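Novice: Next come a sequence and a model predicted from it.
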Amino acid sequence: MDQGLAAILLDVDPEVRVAAAVAGLLGLLLGSFLNVCALRWSEERSVITPRSSCPGCGNPIAWHDNIPVLSWLLLRGRCRNCGSRISVQYPLVELATGAIWAGMVLTWGVEVEALRGALFLTILLGIAVADARFYIIPDQFSVGGAVLGFLLAFASPEITWIESLVGAAAGLILLWFVAWAGEKAFRKEAMGGGDIKMMAMVGAFLGAWGMLLTLFMGALLGAVIFGPISWKTGKLVPFGIFLALGAAFTWIWGDALVGWYMDWAFPTV
């Protein structure tokens with residue numbers, strides 16, 4: 001273990017470390033469900049029924065073969081029945097979700113902000129997975145997430161319900177205008193409806209300024225990372241991935257970035 005990380009963990013209250021471990025285990029379970037949601041919601045299928053099954057042979061997956069991360073490792077990434085490969089996406093999403101939930105508790109303690117951050121980053125992860133695989137952002141993530149972000153604002157010390165509502169409205173209106181202007185300029189769809197609704201969700205969690213920073217960071221990352229590929233191959237840009245990265249960046253480092261910019265742009269004399 002890195003000595004810096006070890007020092008941080010040792011400096012954390014023991015009760016918080018225990019809570020973070022429990023949150024991490026919960027996150028692993030939620031990550032397993034998040035894989036199901038990203039896949040089935042993108043295809044407009046129920047996440048309740050039928051049971052998870054192997055895409056190769058169609059056999060239902062037994063509970064002991066569905067333990068997050070561990071089952072994939074024990075089975076060496078293959079179906080027990082037919083030997084078909086099981087995508088590495090599944091354990092990676094489970095691990096990422098577990099890390100998100102543990103990290104939020106280590107950062108905030110057992111507080112509302114830890115729950116708000118964990119849910120927000122989990123939703124962003126689901127959006128990124130769905131958009132990467134299907135070029136779709138399911139409404140359950142965007143619209144459902146916007147409602148959740150607004151409701152959590154009533155218990156948050158970091159954002160008021162008014163700021164959440166204004167942020168959601170600003171995200172919806174701004175992205176709708178960008179999509180409309182892009183379609184008029186290029187005479188084709190410039191942005192999907194999923195991106196528009198996603199930014200309403202981001203605004204509900206981060207407020208209007210956080211939404212604007214997310215949009216800036218998402219556009220910057222999309223242009224730098226995927227822009228050259230899209231220009232060369234003509235492939236569509238799964239913009240939701242970069243908006244999700246921008247929103248995660250804003251949640252974690254947004255205040256520090258804004259503070260740095262203000263100090264640089266308006267230095268005190």
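Specialist: Here it is on my side, so go on. Numbers count the residues shown, from 1 in each chain.

Novice: Point out where this protein drops to low pLDDT.
Specialist: For the chain, the stretches flagged by pLDDT under 70 are 1-11, 186-191, 227-236, 261, 265, 268-269.

Novice: okay, now the domains of it?
Specialist: By the record's domain assignment, the chain is partitioned as 1-110, 112-269 (automatic domain parsing).

Novice: possible to save the ones you listed as JSON lines with mean neighbour count?
Specialist: (Glycine included, C-beta is placed from N, CA and C.) Shown next, in JSON lines, are the domains of the chain (neighbours: other C-beta atoms under 10 Å):
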{"stretch": "domain 1-110", "mean neighbour count": "16"}
{"stretch": "domain 112-269", "mean neighbour count": "18"}
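
Novice: Let me see the contact set for residue 84.
Specialist: Shown in contact with residue 84 (C-beta atoms under 8 Å, 6 or more residues apart in numbering): 54, 55, 56, 57, 78.

Novice: Can I take it that the third one is in a strand?
Specialist: No - using DSSP: H, G, I helix; E, B strand; the rest coil, the assignment for residue 56 is coil, not a strand.

Novice: Just read off the phi/psi values of it.
Specialist: Main-chain dihedrals, residue 56, degrees, to the nearest 10: phi -80, psi -60.

Novice: Check the second one too.
Specialist: Backbone torsions of residue 55, given as degrees, to the nearest 10, read phi -70, psi -20.

Novice: Same check on the last one?
Specialist: As for residue 78, its main-chain torsions (degrees, to the nearest 10) stand at phi -130, psi 150.

Novice: residues in contact with it?
Specialist: Applying C-beta under 8 Å, 6+ apart, the residues near residue 78 are 84, 85, 86.

Novice: need those in TSV with distance to residue 61, can you?
Specialist: Below are the contacts of residue 78 laid out as TSV (distance: C-beta to C-beta, whole Å):
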residue	distance to residue 61
84	12
85	14
86	9
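
Novice: just the residues you listed now: which is nearest residue 118?
Specialist: residue 86 (25.9 Å; C-beta to C-beta).

Novice: wait, doesn't that closest one sit right on residue 74?
Specialist: No - judged on C-beta atoms under 8 Å, residue 86 makes no contact with residue 74 at a distance of 11.5 Å.

Novice: mind listing what the closest residue to residue 197 other than its chain neighbours touches?
Specialist: Nearest residue to residue 197 in three dimensions, chain neighbours excluded: residue 142, at 3.9 Å (C-beta to C-beta, 6 or more residues apart in numbering). Counting by C-beta under 8 Å, 6+ apart, residue 142 touches 127, 194, 197, 198, 200, 201.

Novice: and residue 142, what helix or strand is that in?
Specialist: Taking DSSP states H and E as the definition, one finds residue 142 inside helix 139-153.

Novice: Please pull up the helix or strand immediately following that helix.
Specialist: Counting by DSSP H and E, the next helix or strand C-terminal to helix 139-153 is helix 161-186.

Novice: Run the angle between that next one and helix 139-153 for me.
Specialist: Orientation check (axes from the mean of the first three to the mean of the last three C-alpha atoms, to 10 degrees): helix 161-186 against helix 139-153 gives 150 degrees.

Novice: Could you tell me how far helix 161-186 lies from the centre of the chain?
Specialist: Taking the mean of its C-alpha atoms, helix 161-186 sits 20 Å from the chain's own mean (C-alpha atoms, centre = their mean, to the nearest Å).

Novice: which other helices and strands contact that helix?
Specialist: Helices and strands touching helix 161-186, by 3 or more C-beta pairs under 8 Å, 6 or more residues apart in numbering; DSSP states H and E, are helix 139-153, helix 193-221.

Novice: Cool, thanks, signing off.
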